[in-house]
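[1] Sequence first, predicted model second:
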Amino acid sequence: GQGTTLILTLAMSFSPTSFAGSHHITVIGQDKASTIATLTMGTWTVPDQSAPALLSISPTTAIAGSGAFTLTATGTNFISGETIQWNGAALTTTFVNATKLTATVPANLIATAAVTVSGATGSQPFTVITPAVTSISPSTAVAGSAAFELTVSGTNFIPGESIQWNGTALPTTFVNATKLTATVNPALVGTATVTVSGATGSQTFTITPPPPVITPGGIVPVGSTTSTIAPGSWISIYGTNLAQTTTQWNGDYPTQLGGVSVLIDGKPAYLSYVSPSQINAQVPDDSKQGLVSVQVGTAASTVTLAQFAPSWIPQDARHAVSVIPAANGTYTVNNPKAGQTIELFGVGFGPTHPTVPAGQAFAGAAQTTNAVTVTIGGVNAKVQFAGIIIGGLYQINVVVPQLPSGDQLQQATVGGVTTPPSIYLPIQ
């Protein structure tokens, strides 16, 4: 009746669960007189009863070899007691709230993994990033170098990683995630493979030979000290690091021997012997006279080129090679007597007829175009022959004049140029 108080008890259920949330409820009623009454009940909250779900994790990556870290799992409807699962293994988990769980991932478990939450739907991938070596600086050093600092560049480096030199760990400084440095001691300097512990990739460190150096004044006729050379003449070049190994020719007049080449006035010389400290070469044919360039690899120098630059082939530092031919075809070396015919040998005695080109094998007797005179002990010796007998080598046949025994200065002159006054002939 009028003024009657009505007490309603409502039991409501909501399906589907998408009704979860806050809702405004109104009840509409009708009495026997068909009078409509509207009752506003207020706001009701329907709890979310859906299953827990994992939506994301943070971080999603870690660098291989890094230390333990805290993993945060974000989702919905988490409840206390649920655990974060790492490849199916439960981690000690802290319940923060219904949308957040945390757990510590120990260093020994860091690997690519599937992360889940017990009782929750969803899975999130966790990826391990491997550090990588991309370059080194410097990448070369000269043999015999002092200690130097090596910088390794790459990605995702972490403290504690070490630079490896042919597998040997070097004391390493972590600069940042893209740079490590270490000192390489002289004892370790050599061709090496450089890596970083725990990182992919490698770089090659190479040793370059020290640059060649030509000794000042070190370009001379073979066995001589004069600083003038002649086309077609055999010469010696002295210096350091001229070659990496010692190599001799096969009589084939190569322009490269043991990895070495020589340019004289820009023209290739013909090599018979190379070593770290000495090169023997035949000067190429050249009409130029005066100062010309000489180059051995990166080493450069100059020498005087002249048509005549006579010099004796020495047997030792004081005496020239001299041969005494016998009628039976045998030879005696040195210590001739007055009146004997001897054969002397030298280089740089000038043009011949016929011409003998440099760089070609020759066997015969090509006489010098210009007359050659010889003195022994200051006395003129009769010259019977002067000319090339094999490529670049001259033979001078003379009769020994009457002289007292002992060492007698031996000199030859051709084209107005005389051999250095430093070679002697021992007379019996």
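    Thanks, I have the structure now.

[2] so Val399 sits right up against Phe385, yeah?
    No - assessed by Cβ atoms under 8 Å, Val399 is found out of contact with Phe385, at 11.2 Å. All C-beta spots, glycine's among them, are computed from the backbone N, C-alpha and C.

[3] centroid residue for the chain?
    By Cα atoms, centre = their mean, the chain has its centre lying nearest to Thr206, at 2.9 Å.

[4] so that one is in which element?
    Per DSSP states H and E, Thr206 falls inside strand 203-208.

[5] Following element in sequence after that strand, please.
    Following strand 203-208 in sequence, per DSSP H and E, is strand 213-221.

[6] now for that following strand, which elements pack on it?
    Judged by 3 or more Cβ pairs under 8 Å, 6 or more residues apart in numbering; DSSP states H and E, the packing partners of strand 213-221 are strand 228-229, strand 234-240, strand 290-296, strand 299-305.

[7] Would you point to the one among these that's packed deepest?
    Counting by mean count of other Cβ atoms under 10 Å, strand 228-229 has the highest mean neighbour count of those, with a mean of 24.

[8] Residue ranges in the chain under the pLDDT threshold?
    Counting by pLDDT under 70, the chain shows low-confidence ranges at 1-49, 327-332, 334.

[9] Recalculate using a threshold of 50.
    1, 14-19, 35-39, 46-47 (pLDDT under 50).

[10] gap between the nearest residue to Ile235 once chain neighbours are set aside and Ile158?
    Leaving aside its sequence neighbours, Ile235 sits nearest to Ile229 (Cβ to Cβ, 6 or more residues apart in numbering; 5.1 Å). Note on Ile229: its distance to Ile158, by Cβ to Cβ, to the nearest Å, is 64 Å.

[11] ok, and the closest non-adjacent residue to Ala361?
    Ala361 sits nearest to Gly391 (Cβ to Cβ, 6+ apart), 6.0 Å away.

[12] need the contact list for Gly266.
    Ser293 (Cβ atoms under 8 Å, 6 or more residues apart in numbering).

[13] Outside of whichever strand or helix holds Gln411 itself, list whatever touches it.
    Using DSSP H and E, Gln411 maps to strand 406-414. Outside strand 406-414, the residues that touch it by Cβ under 8 Å, 6+ apart are 308, 310, 312, 318-320, 344, 346, 349-350, 368, 370-378, 386, 396, 418-419, 421, 423-427.

[14] Next secondary structure after it?
    As assigned by DSSP H and E, the chain's next helix or strand after strand 406-414 is strand 417-418.

[15] Neighbouring strands - and their directions - for that following strand?
    strand 406-414 (antiparallel) (DSSP bridges).

[16] State the number of residues packed around the closest residue in space to Ala120 that isn't next to it in sequence.
    Sequence neighbours aside, Pro52 is the residue nearest to Ala120 in space, at 3.8 Å (criterion: Cβ to Cβ, 6+ apart). Pro52 has 19 neighbours, counted by other Cβ atoms under 10 Å.

[17] Tell me, how many residues neighbour Thr61?
    Neighbours of Thr61 (other Cβ under 10 Å): 11.

[18] what's across from it in the sheet?
    Thr127.

[19] need the contact list for it.
    Phe126, Thr127, Val128, Ile129.

[20] again with Gly144
    Pro186, Val189, Pro210.

[21] can you list those residues in JSON lines and add neighbour count and distance to Ala338?
    What follows is those, written out as JSON lines (neighbours: other Cβ atoms under 10 Å; distance: Cβ to Cβ, whole Å):
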{"residue": "Pro186", "neighbour count": "12", "distance to Ala338": "62"}
{"residue": "Val189", "neighbour count": "19", "distance to Ala338": "63"}
{"residue": "Pro210", "neighbour count": "14", "distance to Ala338": "53"}
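
[22] and of the residues you listed, the nearest to Ala103?
    Nearest to Ala103 out of the contacts of Gly144 is Val189 (Cβ to Cβ; 48.7 Å).

[23] Need phi/psi at the closest one.
    The phi/psi pair for Val189 (degrees, to the nearest 10) reads phi -70, psi 120.

[24] just checking, it touches Thr140?
    No - with contacts counted by Cβ under 8 Å, Val189 stays clear of Thr140, the gap being 10.6 Å.

[25] shared neighbours, these two?
    Ile207.

[26] circling back to that earlier point, for the residue nearest to Ala361, list the residues it contacts.
    Gly391 touches Gly232, Tyr253, Gln282, Val356, Ala358, Gly359, Gln360, Ala361, Phe362, counting by Cβ under 8 Å, 6+ apart.
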